[in-house]
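K.L.:
sharing a model prediction with you, sequence too.
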Amino acid sequence: MLDVNLVYHDHQVYSDHVDIFVHSNRKSVLCPLCGQSSSRIHSRYPRSFHDLPIQGKKVHIHLSNRKYFCFNPECRQKIFAESFDCFQPNSKKTNRLIDDIMKISLEVSSVTASRLLRDGAVAIGKSTICNMLKKTPK
């Protein structure tokens, strides 16, 4: 389970990767700014991200993410997107994939880490690993 609020919908298996399609099971979402609950959907947009490999294949998770209206007249946030615990906003990787990348990257050089991860079906370059390491709190 990635997140208790994500429900499996479908999947497709290809020679080098697996596409998994999920959707949210929430009836309402809290505004991240004021905390008021909203169940009125503004729009949807496609979102995809990478997860841990399955049987040596890359995993792409696809989500139709929803945006909601905030009806609190005192809140500056009029429209907001639902968020999930399994990945950060604007991230293209799940938290558990980032954790695995960081564990490997802290033990070996970024070049070696990149090679090891590619062998394990995670496409990531050494410069991306270096950028992730720079963002890690000490």
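P.N.:
Arrived safely.
K.L.:
give me the neighbour count for the residue lying closest to residue 107 once chain neighbours are set aside.
P.N.:
Distances taken as Cβ to Cβ, 6 or more residues apart in numbering put residue 113 closest to residue 107, at 7.9 Å, once the chain neighbours are dropped. Where C-beta positions appear, they are placed from N, C-alpha and C, glycine not excepted. By the criterion of other Cβ atoms under 10 Å, residue 113 has 24 neighbours.
K.L.:
how does this protein divide into domains?
P.N.:
1-87, 93-138 (automatic domain parsing).
K.L.:
so how far is the last one off the chain centroid?
P.N.:
This means domain 93-138. Centre-to-centre, domain 93-138 and its host chain are 16 Å apart (Cα atoms, centre = their mean, to the nearest Å).
K.L.:
CA atoms only for stretch 43-57 - export them in PDB, please.
P.N.:
Coordinates of the C-alpha atoms in stretch 43-57 are reproduced here as PDB (Å, rounded to 0.1, in the frame of the first residue of the first chain):
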ATOM      1  CA  SER A  43     -10.900  19.900 -11.800                       C
ATOM      2  CA  ARG A  44      -8.700  16.900 -12.400                       C
ATOM      3  CA  TYR A  45      -5.200  16.600 -13.800                       C
ATOM      4  CA  PRO A  46      -3.000  13.600 -14.600                       C
ATOM      5  CA  ARG A  47      -0.100  12.900 -12.300                       C
ATOM      6  CA  SER A  48       2.400  10.200 -12.600                       C
ATOM      7  CA  PHE A  49       5.400   9.200 -10.500                       C
ATOM      8  CA  HIS A  50       7.900   6.300 -10.100                       C
ATOM      9  CA  ASP A  51       7.900   3.700  -7.400                       C
ATOM     10  CA  LEU A  52      10.000   0.800  -6.300                       C
ATOM     11  CA  PRO A  53      10.600  -1.800  -9.100                       C
ATOM     12  CA  ILE A  54       8.600  -4.900  -9.300                       C
ATOM     13  CA  GLN A  55      10.400  -8.100 -10.500                       C
ATOM     14  CA  GLY A  56      13.100  -6.000 -12.100                       C
ATOM     15  CA  LYS A  57      10.700  -3.700 -14.000                       C
END
